[in-house]
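Asks: Sequence first, then the predicted structure:
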Amino acid sequence: MPIQTPARRLMRHVGLEFVEAKVGGGGHRSTNAALSLTSMIDFLVVTVVFLLMTFSASGETPIAQGLTLPKAENTLDMIDAPMVAVVGSQILVDGSPSGNTRTVEESDRMQRIDELFNILKAKRELWKQTHPNKDFPGVVMLQIDQNIKAVIVKSVFQTAAFAGFPNVSFMVNNLPKTAH
Amino acid sequence: MGGVDLGTGGGGKRKSLDSEINMIPMIDLLMVTISFLLITAVWTHMARINADAQVPGPPRPDVEQEKIEPEKQLHVEMRAEDKFVLVWKQGSTTVDSIDVPRKDVIQQQGSVEVIRFPDLAEKVESEWKAKGQHSNPTDRKLDQAILHTDNKTEFKYIIGVIDAIYQIHRDMQLGPKTEKVPAFNITFAVN
């Protein structure tokens, strides 16, 4: 069937004048609304292309509630590693409570956080048992609120290093790179 | 139905070259794709910034100690409120010390304050170009930067300084191709 000139055709084949008058407007304003398919499909295609370009297959990394991460420009891609979050004075390892920072805050002195140390060490031992022929990567990801004091950051950092996780990464929000 | 008419019609016994696309399933497909992509979209892009605790250890016992010269390390001190101090140390010997006036560039982005230190980045870059030991693309080692902070400094300022140091990049040959990598490996001072 060849393409024909666009026009109103709906129910034109019905041989009743009042039907034609009704659908065609019949002197009144038509009750039918025409939708331009071309522009609608253009819009849908552009939306699909935009969403596909911004699509990330790696998924979203869960962030502990009540935590505001700092932003940085010169960053690396995320990797799969144990997640240590410092929320207020609470420390979470992969979402489970693993000690607190109260002793560090009170003494205002960098020190090892024993509960965190034991949990990270246990994680390391477990990894070594489950991967007997592989080198332990020793990577740990720290989620720390932007306003946390350096003494806590350094204590958590040092505790992770002592527990056998020397490759410490801080999780940040990625900033678009500016020209330097 | 949307279609394509090549004007050849379907005359004779030849198969018509005109084709038609059924618009309804096509629009349905686009709608379903958009819904899926919107639901699975991740709008916040997380990343990581490395602060390695793997500093070079003591020399190997099987190698003569006299022949091993300790490497130069850049100590970045951010204890003072008005300046950074960049100290190049070789072992326990101070090679050079430079003061960099501290100018915090603070930008509010929603609830997050983005802290930048462009002057520090510039000075660290010029220092690395002058005194850095690992700049050859075939050299797999990185120069070491050690960050000294007081206990009260907020984490966002530490990230600002680390970000400024990581701004300096150099070429490194990784297999057949050359890639840009940060010039420094950063760690924290324990004191």
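Replies: Here it is on my side, so go on.
Asks: residue boundaries of the strands in chain A?
Replies: Secondary structure of chain A (DSSP state E): strands located at A:71-72, A:83-87, A:90-93, A:96-100, A:139-144, A:167-174.
Asks: So which of those strands is nearest A:Thr54?
Replies: strand A:167-174 (13.2 Å; CB to CB). To be clear about C-beta, it is placed using only N, CA and C from the backbone, and glycine gets the same treatment.
Asks: orientation of the closest one relative to strand A:83-87 in degrees?
Replies: Angle, strand A:167-174 to strand A:83-87, by axes from the mean of the first three to the mean of the last three CA atoms, to 10 degrees: 60 degrees.
Asks: Contacts for strand A:167-174 next, please.
Replies: Contact with strand A:167-174 is made by A:61, A:63, A:69-73, A:75-76, A:78-79, A:81, A:83, A:137-144, A:157, A:160-161, B:44-54, B:112, B:159, B:162, as judged by CB atoms under 8 Å, 6 or more residues apart in numbering or on different chains.
Asks: Name the stretch among the strands of chain A that sits most buried.
Replies: strand A:71-72 (a mean of 24; mean count of other CB atoms under 10 Å in any protein chain shown).
Asks: Rounded mean pLDDT for that strand, please.
Replies: Mean pLDDT, computed over strand A:71-72, is 90.
Asks: close to chain B, is that strand?
Replies: Yes - using CB under 8 Å from any CB of the partner chain, strand A:71-72 reaches chain B at A:71-72.
Asks: so who does B:Ile162 touch?
Replies: Applying CB under 8 Å, 6+ apart, one finds that B:Ile162 lies in contact with A:72, A:170, B:49, B:51, B:147, B:186.
Asks: Count the neighbours of A:Thr75 for me.
Replies: 23 (other CB atoms under 10 Å in any protein chain shown).
Asks: which element is the residue nearest to it when sequence neighbours are not counted on?
Replies: Using CB to CB, 6 or more residues apart in numbering or on different chains and skipping residues adjacent in sequence, the residue nearest A:Thr75 is B:Ala47, 3.5 Å away. Assigned by DSSP states H and E, B:Ala47 belongs to strand B:46-52.
Asks: which helices and strands does that strand pack with?
Replies: When contacts are defined as 3 or more CB pairs under 8 Å, 6 or more residues apart in numbering or on different chains; DSSP states H and E, strand B:46-52 sits against strand A:167-174, helix B:155-166, strand B:184-188.
Asks: Would you format the ones you listed as CSV with distance to B:Ile106 and mean pLDDT included?
Replies: CSV is the format used below for the helices and strands packed on strand B:46-52 (distance: least, CB to CB, whole Å; pLDDT from 0 to 100):
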stretch, distance to B:Ile106, mean pLDDT
strand A:167-174, 16, 90
helix B:155-166, 9, 92
strand B:184-188, 22, 88
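Asks: tell me the angle the strand holding B:Ala47 makes with helix B:155-166.
Replies: Interaxial angle of strand B:46-52 relative to helix B:155-166 (the same axes, to 10 degrees): 80 degrees.
Asks: Alpha carbons only: can I get strand B:46-52 in CSV?
Replies: What follows is strand B:46-52, C-alpha atoms only, in CSV (Å, rounded to 0.1, in the frame of the first residue of the first chain):
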residue,chain,number,x,y,z
MET,B,46,31.2,7.4,43.1
ALA,B,47,35.0,7.1,42.8
ARG,B,48,37.9,6.5,45.0
ILE,B,49,41.1,8.3,45.9
ASN,B,50,44.1,6.3,46.8
ALA,B,51,46.2,6.7,49.9
ASP,B,52,48.5,3.9,50.1
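Asks: Off-centre distance for that strand?
Replies: Mean C-alpha position of strand B:46-52 versus that of the full chain (CA atoms, centre = their mean, to the nearest Å) differs by 8 Å.
Asks: got the residue ranges for the helices in chain A?
Replies: Taking DSSP state H as the test, the helices found in chain A are A:17-24, A:37-53, A:102-107, A:114-130, A:150-162.
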